[in-house]
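[1] This is a predicted model, with the sequence first.
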Amino acid sequence: MVKLNWTDEAKSCLKNIHDYITLDNPRAAKNVVAKIREKAQILKLFPEIGGIYQDINKENVRVIYYTHYRIAYLINDPQRIDILGVFHGAMELKNYIK
């Protein structure tokens, strides 16, 4: 089975999402972060399920969605996936993923 590695950037993204939502609804903040993490678990079984991120020239960078958030990830090898970040749909990924 594939191991998911949440990068420091991805962890920071989750914290920022949590902190922002907490301003209005702390319970919802915990739920959204938990659901994003849960959504990423599908990558363990289906690593290539996400669409290839076209704005850079690497086929192994892909994106899956949870509501209006994009979970960007890198397939390092058949045994390891790095979660690169979690981004709101309004954000330009090319500004964050190099």
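    Yep, it's here.
[2] helix, strand or coil for the residue of the chain most remote from its centre?
    In the chain, the residue that sits farthest from the middle, by Cα atoms, centre = their mean, is Asp24; the gap is 22.7 Å. Assigned state for Asp24: coil (three-state reduction, DSSP: H, G, I helix; E, B strand; the rest coil).
[3] What are the boundaries of the strands in the chain?
    3-6, 51-52, 61-66, 69-77, 80-88 (DSSP state E).
[4] Work out which residue lies at the spatial centre of this protein.
    Computing the C-alpha centroid of the chain and ranking residues by Cα atoms, centre = their mean puts Ile71 first, at 2.3 Å.
[5] so it touches Val86, yeah?
    Yes - using Cβ atoms under 8 Å, Ile71 makes contact with Val86 at a distance of 5.3 Å. Using the backbone N, CA and C atoms, a C-beta is placed for each residue, glycine as well.
[6] shared neighbours of the two, anything?
    Ile36 (Cβ atoms under 8 Å, 6 or more residues apart in numbering).
[7] how many other residues sit next to Ala40?
    Look at Ala40: counted by other Cβ atoms under 10 Å, it has 19 neighbours.
[8] Identify the residues contacting the residue nearest to the centre of the chain.
    36, 39-40, 50, 63-65, 83, 85-86.
[9] Now for this structure, the helix or strand with the poorest mean pLDDT.
    The least trusted helix or strand in the chain, going by mean pLDDT, DSSP states H and E, turns out to be strand 51-52, with a mean of 84.
[10] so where is this structure shaky, pLDDT-wise?
    55-59, 90-98 (pLDDT under 70).
[11] which residues touch Tyr66?
    Taking Cβ under 8 Å, 6+ apart, one finds 35-36, 39 in contact with Tyr66.
[12] Return the member of those residues nearest to Trp6.
    Sorting the contacts of Tyr66 by distance to Trp6 puts Ile36 at the head of the list, at 10.4 Å, by Cβ to Cβ.
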